[in-house]
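Q: predicted coordinates and the sequence they were generated for:
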Amino acid sequence: MEKLRGLNHLFMTIYLHNFSTFMVIPAITDVTMAAICPGRDECSSAIYLSGFQQAIVGMGSLVVMPLIGNLSDKHGRKALLTIPMVFTIFPLATLAYSRSRNFFYMYYVLRTLTAIFCEGSVHCLALAYVADNVPAGRRASAFGILSGIGSAAFVCGNLSTRFLSTPSTFQVATAVAVATLAYMRFFLPDSVVDDHPLTVPIVPKGKLDGACPDDDNTNNTQVFKKAPSLGDTVSLLRSSLTFLQAAIVAFFGNLADVGLHASMMYYLKAQFHFNKNQFADLMVISGIAGTISQLLIMPLLAPVIGEARLLSIGLFFNCAHMILYSVAWASWVPYAAAMFSVLFVFSHPCMRTIVSKQVSSCEQGKAQGCISGICQLANVVSPLVFSPLTALFLSDKAPFHFPGFSIMCIGFASMIAFVQSVMMRVAPPISDGRVSNCHSLA
């Protein structure tokens, strides 16, 4: 527990960051619809615009995520965390000032550009930070707590939105984003100590033997030569069958999650006329269930039944709740489906834990960055597939009447991840006693 208490500043940083980003989610759909299709509950243009943005962000992040993870192995997690936390502020500040049509498009461009560096990178670096400072045997619980902190911020952020006006929502989010950056810079210790900096090993011949080679002769000015090539990523995936299987699970799991998040609110708005308040209520229910599960249930279950089985359980219920959304016959059904989060929240931290155990401590940034890059590849594919499908089946031109058809297809993608997780055979973790000590983690 002493190690986990030493991560308090990281947990607070993640809480504040997630609070500022999550609290605008219920409001952004209404803002988008008001700017593009004022006075309407169904708008294909808004769906396509959101899908296009997600695809562009995914393509950029596919390159940036492995680079950020790799550079953090060399230059420390804190230095790389600063980049996305600075960029997060600008789009929020734009809508905090005005939500008119012109300012919405300014936000859209800023959000697209900054999300390439921001989307997923904070969580990726936080996972690497935890892996630096927590022994392999306790990482599942630590990752679960980290995800639970994120879920708690999700709940509090959406609950705040429920009682704030739309302008106040973006103003508060901007203020919290600025406070997060200040808190992180002043209080968060870097997990790389001066005497023992993490180095960036080059994956040799597709093998990872757990050793951390010296990097003293590397020219520090050649920063971008540290970027992993496609060959390095392929070698990392081929180094362990478990790592490859986890990457497949990550791809299809994220394909489904991104598709659901991009389509669900437009579907509920068109089908049941949900607005900002109903979206916030739905997310609060899901967040509370997920927070309780990750903070209380997962730390108890992970040592007993293992991360692999918890991963399968989480993916099964993730698939089930998506299919329930797709056939929702009344406005209360989405609220019932949201309760499934008490079980499907297991999947992400368990998958990341399995990945972290397949590499040595000096390669955590590279491994987590690789998985985040694969998730961003799913971010590219998902809107290209599911956004047109959602727009079609919510329009009058649908080939048959089934508004939730795209969400059912998203559930099938999640089912592929579930089947792969059942087939996964987890290899023993790489033995590595080098878990770095932070100055302030004593």
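A: Nice, thanks for sending it over.
Q: quick one, helices of the stretch 51-200 of the chain?
A: With DSSP state H, counting those that start in this stretch as the criterion, the stretch 51-200 of the chain has helices at 77-97, 101-118, 121-133, 139-162, 166-187.
Q: ok, now which ones touch the residue most central in space within the chain?
A: For the chain, the residue nearest the mean C-alpha position is G120 (4.8 Å; CA atoms, centre = their mean). Listed by CB atoms under 8 Å, 6 or more residues apart in numbering, the contact set of G120 reads 61, 65, 372, 375-376. (C-beta placed from N, C-alpha, C; glycine too.)
Q: could I get the helices of the stretch 51-200 of the chain as a markdown table with mean neighbour count, mean pLDDT and distance to L268?
A: Listed next are those as a markdown table, based on neighbours: other CB atoms under 10 Å; pLDDT from 0 to 100; distance: least, CB to CB, whole Å:
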| stretch | mean neighbour count | mean pLDDT | distance to L268 |
| --- | --- | --- | --- |
| helix 77-97 | 21 | 90 | 22 |
| helix 101-118 | 18 | 89 | 21 |
| helix 121-133 | 26 | 83 | 26 |
| helix 139-162 | 23 | 82 | 15 |
| helix 166-187 | 19 | 93 | 18 |
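Q: quick one: which of those is nearest K366?
A: helix 121-133 (8.8 Å; CB to CB).
Q: on that earlier part again, show me which of the contacts of G120 are buried.
A: Among these, those scoring as buried are 61, 65, 372, 375-376 (criterion: 16 or more other CB atoms under 10 Å).
Q: tally of neighbours for the closest residue to R40 other than its chain neighbours?
A: What sits nearest to R40 in space, not counting adjacent residues and going by CB to CB, 6 or more residues apart in numbering, is M33, at 6.7 Å. Neighbour count for M33, taken as other CB atoms under 10 Å: 21.
Q: which elements pack onto the strand or helix carrying M33?
A: Under the criterion of DSSP states H and E, M33 resides in helix 25-36. Helix 25-36 is packed against helix 44-75, helix 101-118, helix 139-162, helix 166-187, helix 241-272, helix 276-292, with contacts defined by 3 or more CB pairs under 8 Å, 6 or more residues apart in numbering; DSSP states H and E.
Q: in JSON lines: those helices, plus distance to S395.
A: Output for the helices and strands packed on helix 25-36, formatted as JSON lines (distance: least, CB to CB, whole Å):
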{"stretch": "helix 44-75", "distance to S395": "6"}
{"stretch": "helix 101-118", "distance to S395": "22"}
{"stretch": "helix 139-162", "distance to S395": "29"}
{"stretch": "helix 166-187", "distance to S395": "27"}
{"stretch": "helix 241-272", "distance to S395": "9"}
{"stretch": "helix 276-292", "distance to S395": "21"}
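Q: for G306, find the nearest of those helices.
A: helix 139-162 (8.3 Å).
Q: for the closest one, the distance to its chain's centre please.
A: 12 Å (CA atoms, centre = their mean, to the nearest Å).
Q: ok, stretch 179-186 next?
A: On CA atoms, centre = their mean, the centre of stretch 179-186 falls 21 Å from that of its chain.
Q: and the contacts of that stretch?
A: Identification of contacts with stretch 179-186 by CB under 8 Å, 6+ apart yields 9, 12-13, 16-17, 20, 78, 81-82, 85-86, 89.
Q: ok, 10 Å please
A: By CB atoms under 10 Å, 6 or more residues apart in numbering, the surrounding residues in contact with stretch 179-186 are 9-10, 12-21, 78, 81-82, 84-86, 88-89, 122, 176.
Q: then stretch 36-47?
A: With CB under 10 Å, 6+ apart, stretch 36-47 has contacts from 29, 32-35, 48-50, 101, 104-105, 108, 262-263, 266-267, 269-275, 383, 386-392, 394-397, 403, 406.
Q: I'd like to know which of those residues are buried.
A: 29, 32-35, 48-50, 104, 108, 262-263, 266-267, 269-271, 274-275, 383, 386-387, 389-391, 394, 403, 406.
Q: so where's the chain uncertain?
A: Scanning the chain for pLDDT under 70 picks out the ranges 1-6, 137, 191-233, 235, 361-362, 427-442.
Q: for P84, see how far away C118 is.
A: To P84, C118 is 4 Å away according to CB to CB, to the nearest Å.
Q: before we move on, what about A126?
A: 11 Å.
Q: what do these two both touch?
A: With CB under 10 Å, 6+ apart as the test, A126 and P84 both reach H17.
Q: dump the buried ones among the contacts of G120 into JSON lines; add distance to S151 as well.
A: JSON lines is the format used below for the buried ones among the contacts of G120 (distance: CB to CB, whole Å):
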{"residue": "S61", "distance to S151": "22"}
{"residue": "M65", "distance to S151": "22"}
{"residue": "S372", "distance to S151": "19"}
{"residue": "C375", "distance to S151": "18"}
{"residue": "Q376", "distance to S151": "22"}
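Q: coming back round to it: and L237, which of the helices of the stretch 51-200 of the chain is closest to it?
A: helix 121-133 (16.8 Å).
Q: output the contacting helices and strands for that closest one.
A: helix 2-5, helix 8-22, helix 44-75, helix 77-97, helix 139-162, helix 347-356, helix 364-393 (3 or more CB pairs under 10 Å, 6 or more residues apart in numbering; DSSP states H and E).
Q: on that earlier part again, let me know the closest of the buried ones among the contacts of G120 to S165.
A: Looking across the buried ones among the contacts of G120 and measuring by CB to CB, the closest to S165 is S61, at 31.9 Å.
Q: residues contacting the closest one?
A: So S61 contacts 68, 115-121, 124, 372-373, 375-377, 379-380 (CB under 10 Å, 6+ apart).
Q: what of Y105?
A: Neighbouring residues of Y105 by CB under 10 Å, 6+ apart: 35-36, 49, 94.
Q: next one: the nearest residue to S50 once chain neighbours are set aside from I47, what distance?
A: Closest residue to S50 apart from its sequence neighbours, by CB to CB, 6+ apart: A262 at 5.9 Å. According to CB to CB, A262 and I47 sit 8 Å apart.
Q: which neighbours do those two share?
A: Contact with both A262 and I47 is made by residues 383, 386-387, 390, 406, according to CB under 10 Å, 6+ apart.
Q: got JSON lines for the residues you listed, with distance to Q364 too?
A: Formatted as JSON lines, the shared contacts of A262 and I47 follow (distance: CB to CB, whole Å):
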{"residue": "P383", "distance to Q364": "30"}
{"residue": "F386", "distance to Q364": "32"}
{"residue": "S387", "distance to Q364": "34"}
{"residue": "T390", "distance to Q364": "36"}
{"residue": "S406", "distance to Q364": "36"}
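Q: I'm done for today, thanks for sticking with me.
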